[in-house]
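> Provide a 3D model corresponding to the input given below.
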Amino acid sequence: MVILVPALFFAGWGYCGIFANRFSQVIKNIGPQSNDPDLWK
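Presented below is the predicted three-dimensional model:
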C-alpha cells in the first residue's frame with residue numbers, strides 16, 4: 001500500500017503531462033496559421 005500511492009501519483013502526473021503536451025499541440029494547430037483540418041497529428 002505504501003508503494004501503491006506514490007506509484008499512482010506518478011502515473012497520474014505523467015498522464016497529465018502527456019495530455020497537456022498533446023493539448024498544447026492542438027491549441028497551436030488551431031491557430032490561424034494552420035489550414036490543416038487534422039488537429040490530432
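> and the strand or helix carrying residue 26, how far out from the chain middle?
Assigned by DSSP states H and E, residue 26 belongs to helix 4-30. Counting by C-alpha atoms, centre = their mean, to the nearest Å, helix 4-30 is centred 4 Å from the centre of its parent chain.
> for the record, mean pLDDT for that helix?
Across helix 4-30, pLDDT averages out at 87.
> neighbours of residue 8, just the number please.
10 (other C-beta atoms under 10 Å). For the C-beta atoms, the positions are set from N, CA and C on the backbone; glycine is no exception.
> so how far is residue 18 from it?
16 Å (C-beta to C-beta, to the nearest Å).
> one step back: give me the helices and strands touching the helix holding residue 26, please.
Packing partners of helix 4-30 (3 or more C-beta pairs under 8 Å, 6 or more residues apart in numbering; DSSP states H and E): none among the helices and strands.
> center of the protein, which residue is that?
The centroid of the chain falls nearest to residue 19 when counting by C-alpha atoms, centre = their mean (1.5 Å).
> next one: that residue from residue 12, what distance?
10 Å.
> okay, and the common contacts of the two?
Shared contacts of residue 19 and residue 12 (C-beta atoms under 8 Å, 6 or more residues apart in numbering): none.
> do you know how far the residue nearest to the centre of the chain is from residue 29?
Counting by C-beta to C-beta, the gap from residue 19 to residue 29 is 16 Å.
> same check on residue 11?
From residue 11 to residue 29 the distance is 27 Å (C-beta to C-beta).
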